[in-house]
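A.B. asks: return atomic coordinates for the entry below.
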Amino acid sequence: MQNITWYVNRLQLMTTQEIHTRLKKTIQDSFQKYGFGLAANPPRYILNRNFSFWFHTDMKPQPQKAYIEQAKLVIDGHIPIFSIQNAQLGKEVEWNQDPLSRVLAPKTFGKKLDYRDPDVVGDIKYLWELNRHLHLVSLGQAYALTQDFQYLAGLKSHLQSWLEQCTYALGPNWSSPLESGIRLINWSILWQFIGGPDSELFKDRTGTEFLDAWLQSIYQHCHFIQSNHSTCSSANNHLIGEAAGLFIATLTWPFWQDFHTWQEEAKELLERECIEQTYYDGVNKEQTTAYMQFVLDFLLLSALAGRQNKVDFSIEYWMRIEAMMECIASFMDKNGNIPMIGDGDDGYVLCVSLEKQFSPFKSLLATGAALFHRQDFKSKSMHFDHKSLYLLGKEGLQSFQSIQANFNRLPIRTNFPAGGYFILGKDFETTREVKIIFDCGPLGYLSIAAHGHADALSIYLSLSGLEFLIDPGTYAYHTKQKWRNYFRGTSAHNTLRVDGLDQSVIGGNFMWIKKAKAGCQLFETDSNADHVIGWHDGYMRLKDPLLHTRKLSLDKDLNILFVEDALRCIGRHHVERFWHFSEKCSVWQDKECLWAENQGVRICLQSIDGQMELVKGQESPPRGWISRNFDHKEPSWTALASNEINGNTTLRTVIKLFA
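C.D. replies: Purely as a prediction, here's the structure:
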């Protein structure tokens, strides 16, 4: 019944063109199921060396011990995946099994496999994460550092078992071209770490047989992606990841004539989608900070691989990459915190840095500082991490070291009018920093807005580099539907809910069938005060339509944030204002106000119109939770102010800041 509802909702959002495209795709899949149009017997490859390594595998990150220890764990089958950090999958990994639930997915035709059904595949996120082969790169790293053959042997064992178990076109690992693209990128990095076609791994007869099998699968991966690109309302980050995997693969293994054409097509896709899926101000159109770094990696790795092999991308492409980095730098507070806006699933394209304090966002800024010679990016990153070292090598490190860090230009931007985010604050990058991010942006990208949250007019607040009012994250994707709906619903954000309804209407785990429109009608800033006014029409769908407008005014002399929620309607409504605090905050109430403290820094929150209720870790209805990592949640304080209104009403909240 649930699947039927999903398909009905999905059909309602499709245009005539999309219905035609998907019908055509369904027919194609049906033919492929019976072997037509598949690359079952790839053409014979011709080894050549017309490829320049784009990954600087000669770098020696210090200390080396962590990489060697990690590789030994991988050889023994210890592979951390999301909430199972001590996963022991054994030396004989079952690649078609969900490591969490131990459900073994059937080896039926992959494109027809219902990966949304946990009874069939378990939690597909866990299964796919294992099969992205990010963990196998550590074997290549250890070999490059030590030249110890045991790491090559371990790599061969894992890859060989994968090739044997994951028969082309069958099973869950042939159901998503995005997953194939990510796997190809990690295989490309592995290929470079072990020395390419001249690797010791391929020297004897069994090595040659293994090379043949691996290259055959690589061709099949590329054919699978090229034949099954995400289209229409699904053409979001998936399409960029697919194109990146295909582009990098055709550069890495230029052994087939088809690859020249596929490379041109993939590059054209990357050029187009880079501009199409990113606003000019650098905001990712999916309205999620996690996917911003995910997509940025795809775009950046492709550009670096292309540049090294004399396949250059346009100036506009590079400018959009720089704009995305600028957006990240602007959102980041002085301690490196980034609000968890929209969906986030701990998804990474590659994991090559084992530094304890590694931050994927700071890493991108370190790479950007060296690439674009940006003082402001260096000021935010401060450290040239191991991932940046592998990407840019000694020249990148020297470029980074030559830059004088400059905090005077921060924040880099305070308004992102296309993406719909506005930053209020003062004393940026100091111990007195006040940073407020106000969300007036769209729900998400394309008709289903798959990764957006119902968070219009939500507020994020950081003081002195410490988080106070936060976005609680995501927690779940394909399973735990109650929690999936809660974490992306309106009540999980620092905004206002009417009549117990979300601003936008959920139609499925990655679908919204009615979407609130939002915008900003005023943004002013000077040395004394910041003002911003945003609106959304999500509740205009009610029988008694209601328009919500929120005004923020920051008095920089008094250190007070004034919040005014104007509700324009005729009849009666139940209104709730939510305030979600970092799990690191102590929160309590007295007669004066509600207090929150984080490492000695405090705020005082007063609801001028009514009392506030404090909730923490409530199961039903869900309330008072935060999820910093996929499939992990913990209790955190949430304050709730409830009001019954009748006709036009303005509700006021005062937040005093003691930074």
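
A.B. asks: only alpha carbons, please: show stretch 183-198 as CSV.
C.D. replies: C-alpha atoms of stretch 183-198 as CSV (Å, rounded to 0.1, in the frame of the first residue of the first chain):
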residue,chain,number,x,y,z
ARG,A,183,33.0,3.1,-7.0
LEU,A,184,34.8,4.0,-10.2
ILE,A,185,36.4,7.1,-8.6
ASN,A,186,37.7,5.1,-5.7
TRP,A,187,39.0,2.4,-8.1
SER,A,188,40.7,5.2,-10.1
ILE,A,189,42.5,6.3,-6.9
LEU,A,190,43.4,2.7,-6.1
TRP,A,191,44.8,2.2,-9.6
GLN,A,192,47.1,5.2,-9.1
PHE,A,193,48.2,4.1,-5.7
ILE,A,194,49.3,0.7,-6.9
GLY,A,195,51.1,2.0,-10.0
GLY,A,196,48.6,1.6,-12.8
PRO,A,197,49.0,-1.1,-15.4
ASP,A,198,52.7,-1.6,-14.3
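
A.B. asks: element containing I225?
C.D. replies: helix 205-227 (DSSP states H and E).

A.B. asks: name the helices or strands packed onto that helix?
C.D. replies: helix 149-165, helix 177-193, helix 237-252, helix 258-276 (3 or more Cβ pairs under 8 Å, 6 or more residues apart in numbering; DSSP states H and E). No exception for glycine: its C-beta is placed from N, CA and C like everyone else's.

A.B. asks: give me whichever of those helices is most buried.
C.D. replies: helix 237-252 (a mean of 27; mean count of other Cβ atoms under 10 Å).

A.B. asks: which strands and helices sit next to that one?
C.D. replies: Secondary-structure packing of helix 237-252 (3+ Cβ pairs under 8 Å, 6+ apart): helix 177-193, helix 205-227, helix 258-276, helix 289-308.

A.B. asks: please, which helix or strand holds A449?
C.D. replies: A449 belongs to no helix or strand, assigned by DSSP H and E.

A.B. asks: about what we covered before: what's the angle from the helix holding I225 to helix 149-165?
C.D. replies: 50 degrees (axes from the mean of the first three to the mean of the last three Cα atoms, to 10 degrees).

A.B. asks: just the mean pLDDT for helix 205-227, thanks.
C.D. replies: For helix 205-227, the mean pLDDT works out to 97.

A.B. asks: buried ones in it, by neighbour count?
C.D. replies: Under the neighbour-count criterion of 16 or more other Cβ atoms under 10 Å, helix 205-227 has 210-211, 214-227 buried.

A.B. asks: one step back: can I get the helices and strands packed on helix 205-227 in JSON lines including mean pLDDT and distance to G396?
C.D. replies: Shown next, in JSON lines, are these (pLDDT from 0 to 100; distance: least, Cβ to Cβ, whole Å):
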{"stretch": "helix 149-165", "mean pLDDT": "97", "distance to G396": "26"}
{"stretch": "helix 177-193", "mean pLDDT": "98", "distance to G396": "16"}
{"stretch": "helix 237-252", "mean pLDDT": "98", "distance to G396": "19"}
{"stretch": "helix 258-276", "mean pLDDT": "98", "distance to G396": "21"}
